[in-house]
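# only the shape, not the letters, is given here:
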């Protein structure tokens, strides 16, 4: 019969310890996080800016390719000789190369993505 009350007291003691210790541990843990929060926000802002710039570059590239293909389709539809079709195909190739070169230069200028802090 003595074991039952002592087990109850041990369980009560553990419960009280956990109830008291949990808020203290949570409070003690906030200081380092508040320092990281500023750095984390700055990283997230840089990452967002980088992703938006990269998306703009890709959108611009896709638009240039789309315009080149549209122009090619119109030129092929209007072409009556093989020389005109050949010139249209060459113009498409040049437009794609120029779009790719512009995209490459823009990505080089943009640089590498921001590094996440440890």
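Perfect, thanks for sending it. Quantities reported herein were computed from a predicted structural model and do not represent experimental measurements.

# mind jotting down where the helices sit in the chain?
Assigned by DSSP state H, the helices in the chain fall at 3-28, 30-78, 82-110.

# least confident of these, on average?
Lowest mean pLDDT of the helices of the chain: helix 3-28, a mean of 54.

# wait, doesn't residue 88 sit right on residue 76?
Yes: contact criterion C-beta atoms under 8 Å: residue 88 and residue 76 qualify, at 5.4 Å. (C-beta placed from N, C-alpha, C; glycine too.)

# these two: who's more crowded?
Taking other C-beta atoms under 10 Å, residue 88 and residue 76 do not tie; residue 88 has more neighbours (19 against 13).

# any idea how far residue 66 is from the more buried one?
Residue 88 is 16 Å from residue 66, where distance means C-beta to C-beta, to the nearest Å.

# next: residue 47.
Distance, residue 47 to residue 66, using C-beta to C-beta: 28 Å.

# pick out whichever of those two has more residues nearby.
residue 47 (14 against 11).

# which residues touch the more buried one?
Going by C-beta atoms under 8 Å, 6 or more residues apart in numbering, residue 47 touches 113-114.

# and for residue 106?
57, 60.

# tally up the residues packed near residue 91, please.
14.

# isn't it up against residue 74?
No: under the criterion of C-beta under 8 Å, residue 91 makes no contact with residue 74, lying 11.0 Å away.
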